[in-house]
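Student: how would this look folded up:
(one chain, ligands or ions: 2)
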Amino acid sequence: MNTSPLPMLPPPARPGDPLGAIDTPALLLELDAFERNLARMQAAAAAAGVALRPHAKAHKCPAIALAQLQRGAVGICCQKVSEALPFVRAGVRDIHISNEIGGAAKAALLAQLALHARMSVCVDHVQQIEALASATRAAASRLDVLVEIDVGQHRCGVDDAPAVLRLLDALGPHAQLRFAGLQAYQGSIQHLRGHGERRAAAALAAERAGAVVAALAAAGQRCEVVTGGGTGSVEFDLASGVYTEVQPGSYVFMDGDYGRNEVAGALRFEHSLFLASTVMSVGNGERCVLDAGLKSLATDSGLPGVWGQPQLHYVSANDEHGIVQCGVDGGAVARPALGSQLLLVPGHCDPTLNLHEQLVAVRAGRVEALWEIAARGLSR
Ligand code: PLP
Ligand code: MN
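Tutor: Ligands and ions are numbered 1, 2, ... in the order given. The predicted structure is shown next:
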């Protein structure tokens, strides 16, 4: 019997490595583009006098949240309570759960987290308020509560100001639950391709939110915060005069789907997220096979693009294989060599990050750091 110890799995890369030494599939973050994206969004929010609370569900990575806060973000959003845990652990002290939560276990965890950070959460039903009230009573903690209103997505949220006022009546007896304002997020407009159609759709959502804010004001109820917006609508939300806070997430990376949106204004973001993959087989003259399939990237918003090689088309994702059709370039089939590395632009960043443990942060062709995707898999 062999008594030598089992090898440990080495990291995909080490600081100082050239790109070619990265073991694939590995998620790369191009730091120069990433830092420009952070700076552009922060500058746009500052110029509009609107708070930036980036959505951390896009990256699930505490190092990225800390970089956003360092540049002036007021806090972060998480979509799930468990997702917030690694961010609190990393020192983030202001987190909005931009979602309703169901069940006593989640309310209990949220109430516990609220002993360590300012936490807020959405509600759209009295029953959620009762669950939050008993969990915070048990934990002796306080929560900020935002009422979610439906501004056109028809996902969560109440319809109008009277419904908001009914929820405020239910909040009233619970001094540890503070009404902080409204969430008015319209997800279904984010990927409307035309700049003009996105502008019009965002204006409609802001108009609906503004009407509820005005009706609440007429009833003597001030909304300190009106939060919402995503990467596709943020330039319009910032200018709306309705939103006091925006919560875009994907701008950090710019995935393939967002790359297909038409941009016309000054607010532009760059692809900073790439999946490094390796040509593992060249079985047939007109295709090659990559080591990156469904278990390395999400395809719900389209197949990945091959970065800088328009003659190569990623046409099919198997569990662990990516099939690339090789086009003709200058009369010859442009087939990359066996063992060569290709960079893919994932179609959808959020679920792609959720598949990986680390981001390999690179600059000028070298690995600079490995960042843990600590909230990966935390969907409770
Ligand atoms: N806010 C909420 C409530 C969301 O559900 C999302 C994304 O789905 C966002 C903000 C961020 O959107 P994006 O990553 O498209 O910028
Ligand atoms: Mn998304």
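
Student: hmm, who's touching the helix or strand of the chain with the lowest mean pLDDT?
Tutor: Across the helices and strands of the chain, mean pLDDT, DSSP states H and E gives its lowest value to strand 332-333, namely a mean of 76. Contacts with strand 332-333, where a contact means C-beta atoms under 8 Å, 6 or more residues apart in numbering, come from G285, E286, C326, G327. Bear in mind the C-beta positions are built from the backbone N, C-alpha and C, glycine included.

Student: neighbour-wise, which of the residues you listed leads?
Tutor: C326 (21 neighbours; other C-beta atoms under 10 Å).

Student: so which residues on the stretch 151-300 of the chain come close to ligand 1?
Tutor: Y185, G187, Q190, G230, T231, Q247, P248, G249, S250 (C-beta under 6 Å from any ligand atom).

Student: how about a cut-off of 8 Å?
Tutor: For the stretch 151-300 of the chain, the contact set with ligand 1 under C-beta under 8 Å from any ligand atom comprises 183, 185, 187, 190, 228-232, 234, 247-251, 258.

Student: what's the spacing between A163 and ligand 1?
Tutor: Distance of A163 to ligand 1, computed by C-beta to the nearest ligand atom, to the nearest Å: 19 Å.

Student: same question for H174.
Tutor: 24 Å.

Student: so what's that residue closest to, chain neighbours aside?
Tutor: A133 (4.3 Å; C-beta to C-beta, 6 or more residues apart in numbering).

Student: touching ligand 1 at all, the helix or strand hosting that neighbour?
Tutor: Following DSSP states H and E, one finds A133 within helix 126-139. No: Helix 126-139 is not in contact with ligand 1 by C-beta under 8 Å from any ligand atom; minimum separation 15.8 Å.

Student: from the contact counts, what lies against that helix?
Tutor: Using 3 or more C-beta pairs under 8 Å, 6 or more residues apart in numbering; DSSP states H and E, the elements in contact with helix 126-139 are helix 104-113, strand 118-123, strand 143-148, helix 161-171, strand 177-183.

Student: same list (those) but as CSV, adding distance to I64.
Tutor: Shown next, in CSV, are those (distance: least, C-beta to C-beta, whole Å):
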stretch, distance to I64
helix 104-113, 20
strand 118-123, 20
strand 143-148, 24
helix 161-171, 33
strand 177-183, 22
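
Student: and the ones you listed as a markdown table, adding mean pLDDT, distance to E197 and mean neighbour count?
Tutor: Below are the helices and strands packed on helix 126-139 laid out as a markdown table (pLDDT from 0 to 100; distance: least, C-beta to C-beta, whole Å; neighbours: other C-beta atoms under 10 Å):
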| stretch | mean pLDDT | distance to E197 | mean neighbour count |
| --- | --- | --- | --- |
| helix 104-113 | 98 | 37 | 20 |
| strand 118-123 | 99 | 27 | 23 |
| strand 143-148 | 98 | 25 | 23 |
| helix 161-171 | 98 | 28 | 16 |
| strand 177-183 | 98 | 24 | 22 |
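
Student: for these, which one sits closest to Q221?
Tutor: Checking those against Q221 by C-beta to C-beta gives helix 161-171 as the closest, at 6.4 Å.

Student: grab the most central residue of this protein for me.
Tutor: In the chain, the residue lying closest to the centroid (C-alpha atoms, centre = their mean) is A58, at 1.9 Å.

Student: isn't it up against N354?
Tutor: No: judged on C-beta atoms under 8 Å, A58 makes no contact with N354 at a distance of 10.1 Å.

Student: and M254, how many neighbours?
Tutor: Counted with other C-beta under 10 Å, M254 comes out at 22.

Student: likewise D23?
Tutor: 15.

Student: next SSE downstream of the host helix or strand of A214?
Tutor: Using DSSP H and E, A214 falls within helix 195-218. Counting by DSSP H and E, the next helix or strand C-terminal to helix 195-218 is strand 225-228.

Student: avg pLDDT for that following strand?
Tutor: Per-residue pLDDT over strand 225-228 has a mean of 98.

Student: now do the helix or strand following that strand: which elements does it pack against?
Tutor: Downstream of strand 225-228, the first helix or strand assigned by DSSP H and E is helix 234-239. Using 3+ C-beta pairs under 8 Å, 6+ apart, the elements in contact with helix 234-239 are helix 31-48, helix 195-218, strand 245-246.

Student: make it 10 Å
Tutor: helix 31-48, helix 195-218, strand 225-228, strand 245-246 (3 or more C-beta pairs under 10 Å, 6 or more residues apart in numbering; DSSP states H and E).

Student: I'd like the ones you listed as JSON lines, with mean neighbour count appended.
Tutor: Converted to JSON lines, the helices and strands packed on helix 234-239 look like this (neighbours: other C-beta atoms under 10 Å):
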{"stretch": "helix 31-48", "mean neighbour count": "18"}
{"stretch": "helix 195-218", "mean neighbour count": "18"}
{"stretch": "strand 225-228", "mean neighbour count": "25"}
{"stretch": "strand 245-246", "mean neighbour count": "25"}
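
Student: does any part of stretch 53-64 sit near ligand 1?
Tutor: Yes: applying C-beta under 8 Å from any ligand atom, one finds stretch 53-64 in contact with ligand 1 at H55, K57, A58.

Student: looking at those residues, which one is closest to E100?
Tutor: Of the residues of stretch 53-64 next to ligand 1, the one sitting nearest to E100 (C-beta to C-beta) turns out to be K57, at 14.8 Å.

Student: number of nearby residues for the closest one?
Tutor: K57: 25 neighbours (other C-beta under 10 Å).

Student: likewise S141?
Tutor: S141 - counted by other C-beta under 10 Å - has 17 other residues nearby.
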